[in-house]
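# here's my sequence, what's the structure:
(2 chains)
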Amino acid sequence: MLSDFLLIFIVLGPGLAALIGGLSKPLTGRDGLAMIVTTGTVGLAGILSLVQLFTYVAGLGYGGDHSEAAHHGAHIIHLMNWVDVGGFKADWTIRVDAMSMVMMAVITSVSGLVHLYSWGYMSEDPHRARFFTYLSLFTFTMLMLVVADNFLQLFFGWEGVGLASYLLIGFWYQKPAPNDAAIKAFVTNRVGDFGLALGIMAVFFLFGSIEFAPVLEAIRENAMVTPFAFAEAAPARDVAIEFLGYNVRALELIGVLLFIGAMGKSAQLFLHVWLPDAMEGPTPVSALIHAATMVTAGVYLVCLISPIYEYAPGAAAMVTVVGALTALFAATVGMAQNDIKRVIAYSTCSQLGYMFFAAGVGAYEAAMFHLFTHAFFKALLFLGAGSVIHGNHHEQDMRNLGGVWRYQKFTYGAMLIGTIAIIGLGIPHTSFGFAGFFSKDGIIESAFSASQQGVPFASLAFWAGIGAALLTSFYSWRLIYMTFHGPRAEADAGHAHDGDAVVHADDDHSHDGHNHDDDHDHAHGGEPHESPLVMLVPLALLSVGAIFAGLYFYDPMFHHGDAFWAGALYHAADNNVIHGIEDIKHDHAFEWVFWAPLVVTVIGFLIATFTYFFNRGFGKRIADGRGPLHLLFENKWYFDEIYEVTIVRLTRWLGDVFWKIGDIKLINGLGPDGVSNLTKWGARRISAMHSGYLYHYAFVIIGAAILFGGVLFIRNGGVG
Amino acid sequence: MGGIPILSLTTFLPAVGALVIMLISAATGSQSSDESETGGRNTLLAGTFVSLMTFAAAVAAYALEFDAGDAGYQMVEDVAWFGNIHYKMGVDGISMPLVLLTAFLTPLCLLASKSGIKTRITEYVVAFLILETLVIGVFCALDLFLFYIFFEAGLIPMFIIIGVWGGANRIYAAFKFFLYTLLGSLFMLVAMVYMYVVAGTSDFVALEQFEFAKDAQVWLWLAFFASFAVKMPIWPVHTWLPDAHVQAPTAGSVILAGILLKLGAYGLLRFSLPMFPDASILFQPLVFGLSVIAIVYASLVAFRQEDMKKMIAYSSVAHMGFVTLGIFSFNEIGVQGAVFQMLSHGFISSALFLIVGVVYDRVHTREIAEYGGLAAKMPVYAAFFMLFTMGNVGLPGTSGFVGEIMSMTGGFMAERWVAVGAALGVIFSAIYMLRLYRETMFGKATNPKLEGIADVNATEVVTLLPLAIATIVFGVAPWLIFNMTEGAVLRILLPFAGA
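Residues are numbered from 1 along each chain as shown, chains lettered A, B, ... in the order given. As a prediction, the model looks like this:
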């Protein structure tokens, strides 16, 4: 573990850098200072965090002894008091344990690379200082989230990253689409935060504390707790409380409410609608916030409070089901998108679903491990896509791309590595595989192991995982083929070709996506070009992560995770999901479980190769055929449309009704306006002298004085 | 400084200053209506100076005399007036921060009036200073009738500010305000007289100890509530507020939102809870219901507004809903949260009205649709606006969050459904505030009137910066306030210990 000074630097440094960056432009009039300070600070924090993580792993004697009893001591640095009222106590802290070390490494390393990459990607943007300021602000709030030792600081980070995300999605604020997307992201997250906030209140209600350590300890030990204003203490796991007329087990309630928060932040089914739209933000943002870090906060939360889900089977089942359905649902949509970034966005959504159902069935190690590896290869895919967009004059509709590998060989290579990592290619029972192989197969095996042990909905999760793996392989290769292979499409096809206009007319949303030429107009139709070195270096470094992160960390984080996590992830005595994988491995009847992901991955690859490589017109014919299933997928199962006609319209309608009927007609009409009409009518008759309003007031004062004086008089006279 | 009546000094300093300004103005013979520009500016600066001195006096009172460990009233001055009625002043942990808030906001208001107020500047400054005296008086008064005088008289300068320097429809707004207030005030006065007759004293300290009969409490509670509900304002007696705000000049709105709206909640804390605890418990469901309605209803209405000030006014109604909710949770977290929310709203809502005033001074419209794309032209303004927007939606790290989450938590402890309803309001607040920000700041500036619009000037920065600092400092270190309020809050919760 690093010294306190360095830890404080890692967490607060980016915040300070954001402050300097934000002030530098108005003061110096230039962007350079902000870029240097933010990139330097976050880059240094990234190096330090990685050193910390690797030293920690090395210190464990990796691959070795896991029989050692888990201890859950975290190193806590107290920064400042925050709130302490009637037991509602939360301080500004830096909590360092295995969980936060992993998150710090992911956040700062990816963020550092994204900062660097943005030097190239944003080089023509006139608002670079603002961009880098927001990036560092995001990094700071995300770090505050993962080093919190209490729910309130977590909530600070949680909404802070939401703000940074909002600002960055809407970075190009002069255009309507990014603005819409930014608001949608913020508001949808607020719906999640509604649950999170209530969950925190419920935690306080039950435990009289909102600090992680005492709360989680009470659940682990099943300590006696006295909920607020309750007369008697009861075991923490058994307490039932009244909620909206129902008597529910408090842990289940807390689990569900906090998970609603996680669903919002991590774009799970029903609250996922903001994530694809968030692609309106600059691509480095998509890589950092909407792939590698922020969206994983929900997974982090669920794992962090694993003791709650261990003793709230209903809430855990909800996590499993929502995760499994999201994994599958998002993958179906990903197959039918044409915007390169939206494909990857749905892919993110789907991978987050994997992490959740892993956590839901009790395999928190698998969830955290996949969170870790996914950060690298998903950031790689996004930055690779950004490189394509940058090199192709802001074209991000894959139908207008094609043949790009000839012009961007390095980017092509990086994207191939990312793709192989995400589809999880590897040979079972060996160490040959890219990052996703270790972590995703770990999740699928965990789900199977859980299903063998009768964990509710684990078999649903397992099959959803297998199905989504097939689709993942398909849409990932489809992306590669459409973008990099085949003939070169005209760069401005959509604007010049009549033939293509037909396709575009049916596809409004993709138009919003690819008019990113903002303030910097390229000459259209120029040759695609490879991106500058400053963008390729991050791709290279992330490629290393996408290849080796799984192999290197498989043992410490997953396979023999007890020593690594050191009690930060908790398992109830009857949770043998992870250890159960060993039993399955030794049982030949279950050999197929280990090969199934590879088989479906190869099938997905073959279908994609057949339809989009050898037979390029095939995909277009499917799209033109407009079959019901294709329409359903392409239109994202019509979630946006359904929300529009229900929730959005209802909100507007209620606002209008309350305002125009409630306030104006009823309250004003019966109240002041009615009375005033009556008074005016009367006042005209009584006196023509008085006008305006001052006399009204004088009337009150005089009336009051008379009344007051009269009472005093009576009282004095009466009492004597 | 034991011998100095520092509270009276703080209270009447602005009034004395107002008198001096009036005399000087009369002596120099400058007719208020056709004052020279420099004369007007000097008057405003003189007023600002007086109010800054008042702020200094209030800070001195807090720093030198206030003892956070004392839960009762401090710095008490007690002079027999007539009968049993005393001129009695004093502060506790609840009124001290409100005095500070008042003294903090008044100079900002006067400074902010520099570009907006062009006529009758002497009268304007005098009205503001007298208003300051009366409001500080309300927070310091420890006698029923002294309180009543300050409480009611405070409305006169507010009427004048709206009525003289207000918008086109100011008479309607003032009249509406009057009608609501009249209703409440009369009930309250009758109740006070009753209390005085029954308890034989008008001293707050004695009245807090006096136990009114339960059925009497019910009527007294209702009578006071009628007055305070209007001031808060609580749904459904809130409809004067949007009109008053729209018609008031910028600084008038700031004082209205920042300070006058706190009078209602202050009254609930000063009278309803400590003096009528049984009735308060009885009416808890009613107040909870009204609070949740206020939060949800006003937020939804705010979402549909086309006038910037109306939107923020409705937002105020919603935020005051959190205050009543917290107060009637009868637990420390809720009441502390409510007091904090009052102060936080004093910063954020005031700042938002100043923010509107900045562009109103330049474009002379408050129609949201007339704006757009300001972020590109006014980056510093945009940054301030964003900060206060986030404060208003209760983003953690701003003071708005602390007040909201603690009021809601307090509510959750009492009744789960209240917290659920209030939390819905937190979602809606994001919807209307982000809509406002988007439509005014983002997009492209299409209105020709916005061409060449200038970013905030030095005066505007000076008025906004203290509020920005307060929003963040108290969001990060709210214990600065909780330490002050804790003792008094626990004191008024004593009757509820078993509830």
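
# who are the neighbours of the helix or strand containing residue A:482, in terms of helices and strands?
Here residue A:482 sits within helix A:458-484, counting by DSSP states H and E. Applying 3 or more C-beta pairs under 8 Å, 6 or more residues apart in numbering or on different chains; DSSP states H and E, one finds that helix A:458-484 makes contact with helix A:313-335, helix A:340-360, helix A:409-423, helix A:435-452, helix A:591-608. For glycine as for every other residue, the C-beta is placed from the backbone atoms N, C-alpha and C.

# what residues sit buried inside that helix?
Neighbour-count burial for helix A:458-484, with 16 or more other C-beta atoms under 10 Å in any protein chain shown as criterion, is recorded at A:458-484.

# could you name the helices and strands sitting against the longest strand along chain B?
Taking DSSP state E as the criterion, chain B has its longest strand at strand B:74-82. With contacts taken as 3+ C-beta pairs under 8 Å, 6+ apart, strand B:74-82 sits against helix B:6-27, strand B:85-91.

# got JSON lines for these, with mean neighbour count, distance to chain A and mean pLDDT too?
Below are these laid out as JSON lines (neighbours: other C-beta atoms under 10 Å in any protein chain shown; distance: least, C-beta to the nearest C-beta, whole Å; pLDDT from 0 to 100):
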{"stretch": "helix B:6-27", "mean neighbour count": "19", "distance to chain A": "17", "mean pLDDT": "88"}
{"stretch": "strand B:85-91", "mean neighbour count": "21", "distance to chain A": "8", "mean pLDDT": "89"}
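
# quick one: which of the ones you listed is nearest residue A:573?
Each of these has some distance to residue A:573 by C-beta to C-beta; the shortest is strand B:85-91, at 57.4 Å.

# right, and the helix or strand after the closest one?
With elements assigned by DSSP H and E, the helix or strand that comes after strand B:85-91 is helix B:95-112.

# hmm, whichever helix or strand comes after that following helix in reach of chain A?
Using DSSP H and E, the helix or strand that directly follows helix B:95-112 along the chain is helix B:121-140. No: figure legend: helix B:121-140 not in contact with chain A (C-beta under 8 Å from any C-beta of the partner chain); closest approach 12.6 Å.

# for helix B:121-140, packing partners?
helix B:6-27, helix B:37-60, strand B:85-91, helix B:95-112, helix B:144-153, helix B:155-165, helix B:250-255, helix B:261-267.

# that helix versus helix B:155-165: what angle between them?
In terms of direction (axes from the mean of the first three to the mean of the last three C-alpha atoms, to 10 degrees), helix B:121-140 departs from helix B:155-165 by 150 degrees.

# would you put the C-alpha positions of helix B:121-140 in PDB?
Output of helix B:121-140 as PDB, limited to C-alpha atoms (Å, rounded to 0.1, in the frame of the first residue of the first chain):
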ATOM      1  CA  ILE B 121     -32.900  55.100  -5.200                       C
ATOM      2  CA  THR B 122     -32.900  56.700  -1.800                       C
ATOM      3  CA  GLU B 123     -36.300  55.300  -1.000                       C
ATOM      4  CA  TYR B 124     -35.200  52.000  -2.300                       C
ATOM      5  CA  VAL B 125     -32.200  51.800  -0.100                       C
ATOM      6  CA  VAL B 126     -34.200  53.000   2.900                       C
ATOM      7  CA  ALA B 127     -36.900  50.300   2.200                       C
ATOM      8  CA  PHE B 128     -34.200  47.600   2.100                       C
ATOM      9  CA  LEU B 129     -32.500  48.800   5.300                       C
ATOM     10  CA  ILE B 130     -35.800  49.000   7.200                       C
ATOM     11  CA  LEU B 131     -36.700  45.600   5.900                       C
ATOM     12  CA  GLU B 132     -33.400  44.300   7.300                       C
ATOM     13  CA  THR B 133     -34.100  45.800  10.700                       C
ATOM     14  CA  LEU B 134     -37.500  44.300  10.800                       C
ATOM     15  CA  VAL B 135     -36.400  40.800   9.700                       C
ATOM     16  CA  ILE B 136     -33.500  40.700  12.100                       C
ATOM     17  CA  GLY B 137     -36.000  41.900  14.700                       C
ATOM     18  CA  VAL B 138     -38.300  39.000  14.000                       C
ATOM     19  CA  PHE B 139     -35.400  36.500  14.500                       C
ATOM     20  CA  CYS B 140     -34.300  38.200  17.800                       C
END
